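Visitor: Dropping a prediction and its sequence here:
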Amino acid sequence: MTDIKIDSPELGDVSSYLRDRIRTVPDWPLPGVQFRDITPLLQDPKTLRVLVDVFVHRYMDARLDLVAGIDARGFILGAIVAYELNLGFVPIRKKGKLPYQTVAEEYELEYGSATVEIHADACKRGDRVLLIDDLIATGGTMMAGRKLLERLGGVVVEGAAIVDLPELGGSRLLRDAGLPLFTVCGFDGH
Ligand code: AMP
């Protein structure tokens, strides 16, 4: 008889179950950066299911109209969560990638600036939108995504990410700006 091992996270410990399976890659893409790599969560069918279910459970009664995901890892989780909630999905992309009429928002990075864009018809006035990315560092990307959705008349019900890097202050900044925020786990250090 094959020995089938049954293991599941302890109830109440989903956050550390997922956190323990995020890979930290030091000095990537630049020296000094600790890259929090969520691909192991996607690769393992068990963690992918737990991860998606955390979001589906949180938002299934939120009367959402739409999920927006941020380029590029926000597309993966965002699209699955949208599908599971029986909602549509819209991408917020880096400049120059969307083919149709766009609205753009520029924001500051540590060195220089970046621009994100959304299709002008991505959401309707009054749509209740969930905004998803993989990680919040300085919060600039999510803030820009929120502004784009609001310029189209959307109501961003919550920003959501897998990882928060609280020392970089982004999550505090977003909350102070009035955006409710949900993150699954946090890491100290950059
Ligand atoms: P920010 O705009 O500073 O909040 O940066 C968030 C965006 O940059 C997200 O789309 C992340 O995918 C990416 N990012 C920033 N820092 C990291 C990091 N340490 N590990 C993984 N992704 C990061």
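Guide: Cool, got the structure. Everything numeric here is computed off the predicted structure, so don't read it as measured data.
Visitor: got the residues of the protein near the ligand?
Guide: The chain comes close to the ligand at residues 33-36, 70, 73, 133-141, 170, as judged by C-beta under 6 Å from any ligand atom. Just so you know, the C-beta spots here come from the backbone N, C-alpha and C atoms, and that holds for glycine as well.
Visitor: from those, which two are the most distant?
Guide: The most widely separated members of those, counting by C-beta to C-beta, are Gln34 and Ile70 (20.2 Å).
Visitor: give me the beta-bridge partners of the most centrally placed residue in the chain?
Guide: For the chain, the residue nearest the mean C-alpha position is Asp133 (1.7 Å; C-alpha atoms, centre = their mean). In this entry, Asp133 is beta-bridged to Ala161, by DSSP bridges.
Visitor: wouldn't it be in contact with Ala68 here?
Guide: No: counting by C-beta atoms under 8 Å, Asp133 does not reach Ala68; the two are 9.6 Å apart.
Visitor: which helices and strands sit right next to the lengthiest helix in the chain?
Guide: The residue-count maximum for a helix in the chain (DSSP state H) belongs to helix 45-59. Under the contact criterion of 3 or more C-beta pairs under 8 Å, 6 or more residues apart in numbering; DSSP states H and E, helix 45-59 touches helix 14-19, helix 39-43, helix 73-84, strand 155-164, strand 181-186.
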